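[1] structure, please.
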Amino acid sequence: MHISHMRDEADHLLDSVKETIAIGELGGLPTQITHHKAVGKAQWGLSEQSLALVDAARARGVDVTIDHYPYTASHTGTAALFPPWVQEGGKDKMLARLADPAQRKRAQADVAKSIEFNRGGGNPKNIQFSTCGFDKTLNGKTLADATRMAGREVTFDNAAETAIEIQEKGGCSAVYHAIGEEDVRRIMQHPAAMVASDGGVVAFGEGVPHPRNYGTFPRALGYYVRELR
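    Sure thing, here's the model as predicted:
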């Protein structure tokens, strides 16, 4: 079976769905589009098109299925705010690029766009740190909080600079509130979809974890099934 973390769940969502389906179709393997979602306001509503791609593939005999979690927030490292060109080659090369003034300025512009249109859901307050190894006082704080703590006005550019400084110190894991509720419901109702937490076992009291680690199935059954029918 082919289950991969899709290449892009934001700007290139539909291309990534096509690619994931193609891998299974050409390889003759059942394929799972895992924790399917549409990240960033610019992508809200695209699940209608992504699910149409799934339906078309299934209609021609491809065994493609979906899993999802019942939340409007994703969870990953702060490196997700940075474009591939910044991260290419690993941590040391990334830090070297950020130390170069010209490349840092370019990176800041790209991160600011990611905060506004992609992972940040249009506001630095939508990015909430769950675990910051270098500074535990940031756990539970938002990127907006951290920007103010750094003595800056909360703008996309200033938040991007704060994110760069955080990444230079080792980065944090974060919860990104950037998914549309309508997309969550549409994906959940698809007949080829199943519920999956995309979470792990987190020690109680450590950090401020995404609730999906503990609440995925109670939320799916309690809120979406019993309350919303």
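
[2] where does the residue nearest the centre of the chain fall, phi/psi-wise?
    Closest residue to the average C-alpha location of the chain: Ser74 at 4.5 Å, with C-alpha atoms, centre = their mean. Backbone torsions of Ser74, given as degrees, to the nearest 10, read phi -100, psi 180.

[3] distance check, it against Gly120.
    Distance of Ser74 to Gly120, given as C-beta to C-beta, to the nearest Å: 11 Å. Yep, even glycine has a C-beta here, placed from its N, CA and C like the rest.

[4] ok, back up a step: please name the residues that touch the residue nearest to the centre of the chain.
    For Ser74, the contact set (C-beta atoms under 8 Å, 6 or more residues apart in numbering) comprises Glu9, His35, Lys37, Val39, Arg119, Val175, Tyr176, Ala178, Ile179.

[5] count of neighbours near the nearest residue to Lys141 once chain neighbours are set aside?
    Nearest residue to Lys141, sequence neighbours excluded (C-beta to C-beta, 6 or more residues apart in numbering): Phe129, at 5.6 Å. Here the number of neighbours of Phe129 (other C-beta atoms under 10 Å) works out to 25.

[6] lowest-confidence helix or strand of the chain?
    Across the helices and strands of the chain, mean confidence by mean pLDDT, DSSP states H and E is lowest for strand 2-4: a mean of 91.

[7] can you list the buried residues in it?
    His2 (16 or more other C-beta atoms under 10 Å).

[8] packing partners for it?
    Contact analysis of strand 2-4 by 3 or more C-beta pairs under 8 Å, 6 or more residues apart in numbering; DSSP states H and E lists helix 13-27, strand 31-33 as its packing neighbours.

[9] I'd like the next helix or strand past the last one.
    Following strand 31-33 in sequence order, the next helix or strand is helix 47-59 (DSSP states H and E).

[10] so Thr147 makes contact with Phe156?
    No - Thr147 lies out of contact with Phe156 (C-beta atoms under 8 Å); the separation is 10.0 Å.

[11] residues that sit against both of the two, list them.
    Shared contacts of Thr147 and Phe156 (C-beta under 8 Å, 6+ apart): Pro124.

[12] any idea how far the residue nearest to the centre of the chain is from Arg219?
    Taking C-beta to C-beta, one finds Ser74 at 15 Å from Arg219.

[13] repeat for Pro83
    From Pro83 to Arg219 the distance is 32 Å (C-beta to C-beta).

[14] show me what the helix or strand hosting Asp67 pairs with in its sheet, parallel or antiparallel.
    Counting by DSSP H and E, the element that carries Asp67 is strand 64-68. Neighbouring strands of strand 64-68 in its sheet, by DSSP bridges, are strand 31-33 (parallel), strand 193-195 (parallel).
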